[in-house]
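Trainee: can't give you the sequence, but here's the structure:
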């Protein structure tokens, strides 16, 4: 680990000023940053410790029904907050499907959004990586590509964003609240992460020094609370990053879908809102025979523009299957209690039965 | 300039001078305070051998910058037993054959203490396994670990009833 300057600001304004210096990085839970520093992947000149900043650790319901989650709320605290779990069950399920209990106790909401790719070539300082070192090239091309992107990638970079949390959030139109030297602003989470293009090192829309202060779920997110699931395919039962994942949220009235949201994880350099899939589901009866076929067509629409970035064409089919099952699970209803294995593909798939009895 | 680090570890207050901000909580516990019960396995947050409680919550001490938890209360494996009496989780690990080589065991036990305090797994073996998924055991003593956690939870619940 390199030597670095350590500062502990007392206010958001002090933090922004301290982090505006070249080479500065914010430290919150540190679960990704410390790992990157130990690998030599990230060598910040200064750490700005924001863990003691006041006012950033609350989960608030705003007057209009939106939920504001302070950037320093830990993954564990958010996933255990009863009101939040009731309002956004798929977000809680995604949180609990990620990392380990120890990591979730330290990791924060803002840090989750800011986490870096888990691409092995990005992590390894001896590999060429345009994301780590602009212009260096990309050793992932032609390398081990089984986990790499199938949507939105470029010749410069085929890495994926590893977050679980961001996937249902982007389905629910979450907003990122940001503090900067010029005051506060906000950006839709869907527009927060950049696709790699020619400049994969430019990962987010944040300007130097800007700090995420909260993530806000709009009041409309509550429309989906009865039919929201997150499903995550991994290479082991638990404590693994997603190979592909999907968040499905349905607003259902009289047995028919009035609005659908679908997002995919680990398929691109950003949490991927699958807008092309959503119209296929509107007006569909979730109790009718054949819902799974409708869900499959929606999933195929979600992946229509997907193309392998190497030897990973199977990720496209896997993503379609995971999205289809997430939609079937969402149609059956949010679980009354968090599953023992959150987001797991090993849980039984409920069968859709007669109208009014879709929670079977 | 790094301020002196103050930690209360297993009830004892320590002041530690750091030359720079790099030491992790794990390194301060082992190298500065001589508390080598907490193990360094992967040193990258993947194995759980370094698990301790910080302000009552289980975390990976290898991914915790010590200076960032300045002022915290830390509990390590050395802080569980009372005199010669093992903590109920320690006793349950011994009696349920929950280890072989023992290297991961301090982390497993601290993680189990945290899991039981969180109060969500109950006696459900699947929930216990998921709740202990951040602790790897290369000897694969997992069946014994699961039984030990279930047994310990019942002992702690029994103790609580008797103390009421």
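Mentor: Ah, there it is. What you see is a predicted model; the values in this text were computed from it and never measured. Numbers count the residues shown, from 1 in each chain, chains lettered A, B, ... in the order given.
Trainee: how long is stretch A:42-52 end to end?
Mentor: End-to-end span of stretch A:42-52 (CA to CA, to the nearest Å): 23 Å.
Trainee: Now it: buried residues?
Mentor: A:42, A:44, A:46, A:47, A:48, A:49, A:50, A:51 (16 or more other CB atoms under 10 Å in any protein chain shown). (C-beta placed from N, C-alpha, C; glycine too.)
Trainee: Take the residues you listed and keep only those in helices.
Mentor: Among the buried residues of stretch A:42-52, no residue falls in helices (DSSP state H).
Trainee: contacts with chain B among those residues, please.
Mentor: A:47, A:49, A:51 (CB under 8 Å from any CB of the partner chain).
Trainee: The residue nearest in space to the middle of chain B is in what secondary structure piece?
Mentor: Using CA atoms, centre = their mean, the residue of chain B that lies closest to the mean C-alpha position is residue B:110, 2.3 Å off. Using DSSP states H and E, residue B:110 sits in helix B:105-118.
Trainee: quick one on the thing from earlier: which residues touch the residue nearest to the centre of chain B?
Mentor: By CB atoms under 8 Å, 6 or more residues apart in numbering or on different chains, residue B:110 lies in contact with B:38, B:51, B:52, B:53, B:58, B:75, B:76, B:77.
Trainee: If we use 6 Å, what do you get?
Mentor: Neighbouring residues of residue B:110 by CB atoms under 6 Å, 6 or more residues apart in numbering or on different chains: B:51, B:52.
Trainee: how much space between it and residue A:238?
Mentor: 19 Å (CB to CB, to the nearest Å).
Trainee: Pull out the buried positions in stretch A:190-209.
Mentor: For stretch A:190-209, using 16+ other CB under 10 Å, the buried residues are A:190, A:192-196, A:199-201, A:203-204, A:206, A:209.
Trainee: got the contact list for the closest residue to residue B:27 other than its chain neighbours?
Mentor: Excluding the flanking residues, the one nearest residue B:27 by CB to CB, 6 or more residues apart in numbering or on different chains is residue B:66, at 7.3 Å. Residue B:66 is in contact with B:5, B:23, B:25, B:28, counting by CB under 6 Å, 6+ apart.
Trainee: and if you look at residue A:246?
Mentor: A:231, A:264, A:322, A:323, A:326.
Trainee: In JSON lines: the residues you listed, plus neighbour count, distance to residue B:33 and secondary structure.
Mentor: JSON lines is the format used below for the contacts of residue A:246 (neighbours: other CB atoms under 10 Å in any protein chain shown; distance: CB to CB, whole Å; DSSP: H, G, I helix; E, B strand; the rest coil):
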{"residue": "A:231", "neighbour count": "32", "distance to residue B:33": "44", "secondary structure": "strand"}
{"residue": "A:264", "neighbour count": "30", "distance to residue B:33": "46", "secondary structure": "strand"}
{"residue": "A:322", "neighbour count": "26", "distance to residue B:33": "47", "secondary structure": "helix"}
{"residue": "A:323", "neighbour count": "30", "distance to residue B:33": "50", "secondary structure": "helix"}
{"residue": "A:326", "neighbour count": "30", "distance to residue B:33": "48", "secondary structure": "helix"}
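Trainee: got the residues of chain B near chain A?
Mentor: Residues of chain B lying close to chain A by CB under 6 Å from any CB of the partner chain are B:20-22, B:44-45, B:51, B:57-60, B:63, B:65, B:68, B:126-127, B:130-131, B:133-134.
Trainee: In helices only, show me these.
Mentor: B:126, B:127, B:130, B:131.
Trainee: Please indicate which of those residues are buried?
Mentor: For those, buried by 16+ other CB under 10 Å: B:127, B:130, B:131.
Trainee: Need the residues that contact stretch A:113-130.
Mentor: By CB under 6 Å, 6+ apart, stretch A:113-130 touches A:32, A:39-41, A:131-132, A:136-140, A:156-157, A:159, A:162, A:200, A:241.
Trainee: Filter the residues you listed down to the ones in helices?
Mentor: Counting by DSSP H, those contribute residue A:39 to helices.
Trainee: Pairing-wise in the sheet, spell out the partners of residue A:212.
Mentor: For residue A:212, the residues forming beta bridges with it (DSSP bridges) are residue A:178.
Trainee: quick one on the thing from earlier: generate JSON lines for the buried residues of stretch A:190-209, with pLDDT, distance to chain B and secondary structure as supplementary columns.
Mentor: Listed next are those as JSON lines, based on pLDDT from 0 to 100; distance: CB to the nearest CB, whole Å; DSSP: H, G, I helix; E, B strand; the rest coil:
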{"residue": "A:190", "pLDDT": "98", "distance to chain B": "29", "secondary structure": "helix"}
{"residue": "A:192", "pLDDT": "98", "distance to chain B": "25", "secondary structure": "coil"}
{"residue": "A:193", "pLDDT": "98", "distance to chain B": "23", "secondary structure": "strand"}
{"residue": "A:194", "pLDDT": "98", "distance to chain B": "27", "secondary structure": "coil"}
{"residue": "A:195", "pLDDT": "98", "distance to chain B": "28", "secondary structure": "coil"}
{"residue": "A:196", "pLDDT": "98", "distance to chain B": "26", "secondary structure": "coil"}
{"residue": "A:199", "pLDDT": "98", "distance to chain B": "29", "secondary structure": "coil"}
{"residue": "A:200", "pLDDT": "98", "distance to chain B": "24", "secondary structure": "coil"}
{"residue": "A:201", "pLDDT": "98", "distance to chain B": "23", "secondary structure": "coil"}
{"residue": "A:203", "pLDDT": "98", "distance to chain B": "21", "secondary structure": "coil"}
{"residue": "A:204", "pLDDT": "98", "distance to chain B": "22", "secondary structure": "strand"}
{"residue": "A:206", "pLDDT": "98", "distance to chain B": "22", "secondary structure": "coil"}
{"residue": "A:209", "pLDDT": "97", "distance to chain B": "20", "secondary structure": "coil"}
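Trainee: Show me which residues of the stretch 1-150 of chain A sit near chain B.
Mentor: So far as CB under 6 Å from any CB goes, the stretch 1-150 of chain A lies against chain B at A:1, A:3, A:6, A:30-31, A:34-35, A:49, A:51, A:100-102, A:105-106.
Trainee: okay, among those residues, which ones form the most distant pair?
Mentor: A:3 and A:101 (32.1 Å; CB to CB).
Trainee: Same drill for the two, tell me which one is more crowded.
Mentor: Neighbours per residue (other CB atoms under 10 Å in any protein chain shown) separate residue A:3 from residue A:101, with residue A:101 holding more: 27 against 11.
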